[in-house]
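[1] generate a structure from the sequence data that follows.
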Amino acid sequence: MNERVAELEQAIANDWSLSEIRQRIIEKKTPASIPNTESNNYKERFTAATTKLRKSRIWSDPKKRKQIEKLLAQLETLTNVE
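    I've put the predicted structure just below:
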């Protein structure tokens with residue numbers, strides 16, 4: 001039960017979206033014999049990062065916004081290669 005409380009506190013602290021919470025529940029329900037693939041881990045990290053970016057005040061900082069623009073350009077380049 002303590003694990004559930006800790007996860008709930010984490011969800012509140014990180015301001016998880018409903019889809020993120022659902023994803024975590026699904027992961028908990030999957031058997032332990034089926035480990036998360038690295039691909040899923042990257043997708044989770046990306047989703048968490050973009051959610052934080054959307055909600056942060058980072059956009060008002062010109063230096064940080066410029067860094068985000070560079071990273072976004074790199075991501076766009078990577079996805080155009082495929």
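
[2] and the contacts of whichever helix or strand residue 70 is part of?
    Secondary-structure assignment from DSSP states H and E places residue 70 in helix 62-81. Judged by C-beta atoms under 8 Å, 6 or more residues apart in numbering, the contacts made with helix 62-81 from elsewhere in the structure are 53, 58-59. Just so you know, the C-beta spots here come from the backbone N, C-alpha and C atoms, and that holds for glycine as well.

[3] would you list those in TSV and tack on pLDDT and distance to residue 66?
    As requested, the contacts of helix 62-81 are exported to TSV (pLDDT from 0 to 100; distance: C-beta to C-beta, whole Å):
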residue	pLDDT	distance to residue 66
53	87	14
58	86	11
59	85	11
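
[4] which of the residues you listed fall in helices?
    By the criterion of DSSP state H, membership of the contacts of helix 62-81 in helices covers residue 53.

[5] turn the contacts of helix 62-81 into CSV, including distance to residue 81.
    Output for the contacts of helix 62-81, formatted as CSV (distance: C-beta to C-beta, whole Å):
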residue, distance to residue 81
53, 23
58, 27
59, 28
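
[6] from the contacts of helix 62-81, which is closest to residue 10?
    Nearest to residue 10 among the contacts of helix 62-81 is residue 53, at 18.8 Å by C-beta to C-beta.

[7] can you pull the pLDDT of the nearest residue to the closest one once chain neighbours are set aside?
    Beyond its immediate neighbours in the sequence, the residue positioned closest to residue 53 (C-beta to C-beta, 6 or more residues apart in numbering) is residue 68, lying 7.0 Å away. On the pLDDT scale, residue 68 is placed at 91.

[8] run a quick neighbour tally on residue 68.
    For residue 68, the count of nearby residues is 15 (other C-beta atoms under 10 Å).

[9] from the chain's centroid, how far away is stretch 15-24?
    Remark: stretch 15-24 is offset 9 Å from the chain centroid, using C-alpha atoms, centre = their mean, to the nearest Å.

[10] make that stretch 73-82, sorry
    Centroid separation between stretch 73-82 and its chain, computed with C-alpha atoms, centre = their mean, is 19 Å.

[11] just stretch 58-77 next, same as before
    17 Å.
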